[in-house]
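Engineer: sequence and computational prediction follow.
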Amino acid sequence: MKRTISIFVALLLCVALHAGDQLRLSTVVIDAGHGGKDSGAVSTDKKSSEKTFTLEIAKALADKIRAAYPDVKVILTRSDDRYVTLDGRADIANKANANLFISVHINSIANASPNGFSVHVLGQSSVKNRDLYANNMDIVRRENSVILLEDDYSTTYGDFDPNDPESYIFMNLMQNANLEQSVRFAQLAEKHLKGGPIKNDRGISQDPFLVLWRTAMPAVLLELGFISNANDLTALRNAADRDALAERLCRAFGEYKAIYDGSVAAPAPLGEAKPAVQPAPEEQGKGQAKEEKKPAASSDDDVCYAVQIFAVARKLDPKAREFMGYTPKIVPGVKLYKYCIGVGKSAAEARKHLPAIRKKYPEAYLVKIVGNTVTRIE
């Protein structure tokens with residue numbers, strides 16, 4: 001596993017060489033889950049498979065983005081019924097220096113009652129003694145278990161075992177640099193999928209999907225309905241409904257691109273959206289999460305500049321290994337803690353640290369900090 005992580009970090013450094021200061025969303029990779037010998041989930045009547053639905057939705061989404069945004073390069077991890085490894089899917093996105101990775105899936109469970117769509121970003125699932133953890137981990141294991149179809153998966157994925165919970169601890173913070181942007185697109189996807197053919201909104205959560213862990217850019221995994229649910233299956237079998245799902249995702253992409261391209265200081269959208277992380281343990285048992293307090297206001301004189309390296313939903317020990325010897329400035333937010341290093345009183349002072357920091361954190365960028373407000377300035 002350590003060898004696998006080292007290879008992945010090396011890949012991130014290679015991608016960093018092309019990162020520069022270009023902020024335009026120029027490339028998106030759309031991943032149609034499963035394919036070929038991997039059918040994914042199958043309907044109870046055996047007439048429909050996940051791999052077919054994901055491919056049709058992914059291709060429709062690709063066509064819509066190409067038509068609406070001709071300046072964007074759109075890449076499909078597969079355009080027909082072929083098998084692509086999880087590592088291969090991520091590799092396609094990494095080699096293309098993609099700005100966004102969208103993985104399309106269909107959910108399934110033995111119980112026919114659950115229905116609806118969900119949006120997932122990389123992170124830890126909830127704690128083990130809660131039902132939410134068990135439910136999400138069932139999905140995670142099913143999606144990750146496709147590596148067992150590969151001829152020599154132990155060589156590619158090291159000691160990773162999709163059925164062993166211990167394997168997931170190595171994935172916990174591997175894509176922190178991209179979490180903030182992943183959450184942003186997840187919120188927009190949830191917003192636009194609401195009211196569509198798949199009715200029930202199951203929300204946004206952080207989960208250790210292997211295909212998200214291996215990508216070096218903002219990434220989301222979508223579960224667009226349950227093939228095991230009669231109502232969802234009816235919608236998925238309807239060509240017009242599948243096209244409507246693609247259209248809604250294209251609108252989410254358009255809004256995300258406008259924010260990505262239009263302003264490096266754009267505020268996080270959808271303040272009303274659900275948190276991108278599962279409720280804290282003490283809140284989960286009460287059935288409803290408590291409303292988070294907004295960060296306290298600060299004086300405008302409390303200004304500094306720094307390099308933001310990542311943002312996560314929980315507060316980390318400043319001495320944690322993820323900081324690689326740096327002492328971070330931790331800025332609390334409503335949903336995410338932002339971690340910054342290379343702090344200075346001027347932008348020029350902070351900027352001189354940027355090249356060295358990007359060798360360790362490829363997605364790092366310069367920010368201005370006023371109290372608890374962090375604004376990207378390049």
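Structural biologist: That came through, no problem. Please read these numbers as outputs of a predicted model, since none were measured by experiment.
Engineer: where is the longest helix in this protein?
Structural biologist: Longest helix of the chain, by residue count under DSSP state H: helix 239-262.
Engineer: do a quick rundown of the helices in the stretch 201-350 of the chain.
Structural biologist: Counting by DSSP state H, counting those that start in this stretch, one finds helices in the stretch 201-350 of the chain at the ranges 210-213, 230-237, 239-262, 281-284, 347-351.
Engineer: go on, the stretch 51-200 of the chain?
Structural biologist: Taking DSSP H, counting those that start in this stretch as the criterion, the stretch 51-200 of the chain carries its helices at 86-95, 131-144, 153-157, 179-193.
Engineer: by how many degrees do the longest one and helix 239-262 diverge?
Structural biologist: Just to be clear, that refers to helix 179-193. 140 degrees (axes from the mean of the first three to the mean of the last three Cα atoms, to 10 degrees).
Engineer: what's helix 179-193 packed up against?
Structural biologist: Packed against helix 179-193 by the contact rule (3 or more Cβ pairs under 8 Å, 6 or more residues apart in numbering; DSSP states H and E) you find strand 100-107, strand 117-122, strand 201-207, strand 219-226, helix 239-262, strand 303-312. Any C-beta I mention is one placed from the backbone N, CA and C, and that applies to glycine too.
Engineer: rewinding a little: list the contacts of the longest helix of the chain.
Structural biologist: Helix 239-262 has contacts (Cβ atoms under 8 Å, 6 or more residues apart in numbering) with 23-25, 28, 53, 56-57, 60-61, 63-65, 68-69, 72, 99-100, 102, 181, 184-185, 188-189, 191-193, 196-198, 222, 224, 235-236, 266, 269.
Engineer: of those, just the buried ones, PyMOL syntax please.
Structural biologist: Selection of buried members from these for PyMOL, criterion 16 or more other Cβ atoms under 10 Å:
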select buried, resi 25+28+53+56+57+60+61+64+65+69+72+99+100+102+181+184+185+188+189+191+192+193+196+197+198+222+224+235+236+269
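Engineer: quick one: find the helix or strand in this structure with the lowest mean pLDDT.
Structural biologist: Lowest on mean pLDDT, DSSP states H and E among the helices and strands of the chain sits helix 281-284, with a mean of 38.
Engineer: quick one, which of the helices and strands packed on helix 179-193 is nearest to residue 78?
Structural biologist: Closest to residue 78 of the helices and strands packed on helix 179-193 is strand 100-107 (Cβ to Cβ; 10.9 Å).
Engineer: kindly export the closest one (C-alpha atoms) in PDB.
Structural biologist: Included here for strand 100-107 are C-alpha records, laid out as PDB according to Å, rounded to 0.1, in the frame of the first residue of the first chain:
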ATOM      1  CA  LEU A 100     -13.100  17.800 -13.400                       C
ATOM      2  CA  PHE A 101     -13.900  14.000 -13.200                       C
ATOM      3  CA  ILE A 102     -17.600  12.900 -13.100                       C
ATOM      4  CA  SER A 103     -18.200   9.200 -12.500                       C
ATOM      5  CA  VAL A 104     -21.700   7.900 -13.300                       C
ATOM      6  CA  HIS A 105     -23.200   4.900 -11.500                       C
ATOM      7  CA  ILE A 106     -26.600   3.400 -10.600                       C
ATOM      8  CA  ASN A 107     -27.300   2.100  -7.100                       C
END
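Engineer: okay, the angle between that strand and strand 201-207?
Structural biologist: 120 degrees.
Engineer: show me what strand 100-107 is packed against.
Structural biologist: Contacts defined by 3+ Cβ pairs under 8 Å, 6+ apart place strand 100-107 against strand 27-32, helix 50-68, helix 86-95, helix 179-193, helix 210-213, strand 219-226, helix 239-262.
Engineer: avg pLDDT for that strand?
Structural biologist: Across strand 100-107, the average pLDDT comes to 96.
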